[in-house]
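**Student:** Sequence first, predicted coordinates after that:
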Amino acid sequence: MSTHSAMDNVTVPAPATEATASGQRDNMVWLLRQLAADVPGVTHAVLLSRDGLRLLDSDVDKDWADELSAAISGVASVAANTTGPSHKKMPARQVIIERDDCLFFVQSAGRSAAFENHPGNERGEVDTILAVIATTDADAGAVGFEMGRLIQRFAPYMLIPVRVGTGGEVR
């Protein structure tokens, strides 16, 4: 088994210096589709707003993607508002839901200005969440790692990218 990611050989379209929001969204959709196509076990990827609206997806049925976005937003909110042993509320690096039919992975993806028509977008930016659906036999570590890499690739399209720690973990 290779230690290199399936997405290592992917050439990411470079954002233009005066890229329109539409062009930015097109590039982000391309990246979501590449994740779903290249990472073993990944079947779908959805980028949603923190308030639960679908922003972009990897060719997911739109009704299901909308329903999924609302539910995943709730999961992310619960994770961020649960106090831990330190008695502090902290954002979760990753949430994984294991079901009999799939695995759901949830990570914060940063703040973007590529969604100017998003409801509630008063400051010109939207907080985003990446949701990935995978088969039950997918390697959870590999999926989480590739999600982190994808979020790093989203950085050119974000006003405030997700911080990455020294070990490469998304924060």
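**Tutor:** Looks like it came in fine. Residues are numbered from 1 along each chain as shown.

**Student:** mind listing what the residue lying closest to Arg99 once chain neighbours are set aside touches?
**Tutor:** Spatially, and ignoring its direct neighbours in sequence, Arg99 is nearest to Thr136 (7.7 Å; CB to CB, 6 or more residues apart in numbering). For every residue, glycine as well, the C-beta is placed using N, CA and C. With contact taken as CB atoms under 8 Å, 6 or more residues apart in numbering, Thr136 is in contact with 98-103.

**Student:** out of those residues, who's nearest Pro156?
**Tutor:** Each of those was checked against Pro156 using CB to CB; the closest is Leu103, at 28.4 Å.

**Student:** what's the average pLDDT for the helix or strand hosting Leu68?
**Tutor:** Per DSSP states H and E, Leu68 falls inside helix 62-80. Mean pLDDT, computed over helix 62-80, is 94.

**Student:** Assign a three-state SS to the residue nearest to Arg99, would you?
**Tutor:** Remark: Thr136 carries the secondary structure label coil [criterion: DSSP: H, G, I helix; E, B strand; the rest coil].

**Student:** So it versus Arg33, what's the distance?
**Tutor:** In this view, Thr136 and Arg33 are 22 Å apart by CB to CB, to the nearest Å.

**Student:** what's the answer for Glu146, then?
**Tutor:** Per CB to CB, Glu146 is found 13 Å from Arg33.

**Student:** got it, and Met158?
**Tutor:** Counting by CB to CB, the separation of Met158 from Arg33 is 19 Å.

**Student:** So which of Glu146 and Arg33 has more stuff around it?
**Tutor:** Set side by side, Glu146 and Arg33 show more neighbours around Glu146, with 23 against 15, by other CB atoms under 10 Å.

**Student:** tell me how far the host helix or strand of that one is from the chain's mean position?
**Tutor:** Glu146 is part of helix 140-154 when elements are defined by DSSP H and E. Between the centre of helix 140-154 and the centre of its host chain there is 8 Å, according to CA atoms, centre = their mean, to the nearest Å.

**Student:** And that helix, what does it pack against?
**Tutor:** On a contact count with 3 or more CB pairs under 8 Å, 6 or more residues apart in numbering; DSSP states H and E, helix 140-154 meets helix 21-38, strand 42-49, strand 103-112, strand 126-134.

**Student:** I'd like the ones you listed as a markdown table, with distance to Glu67 and mean pLDDT appended.
**Tutor:** Conversion of the helices and strands packed on helix 140-154 to a markdown table gives the following (distance: least, CB to CB, whole Å; pLDDT from 0 to 100):
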| stretch | distance to Glu67 | mean pLDDT |
| --- | --- | --- |
| helix 21-38 | 18 | 90 |
| strand 42-49 | 11 | 96 |
| strand 103-112 | 13 | 91 |
| strand 126-134 | 12 | 93 |
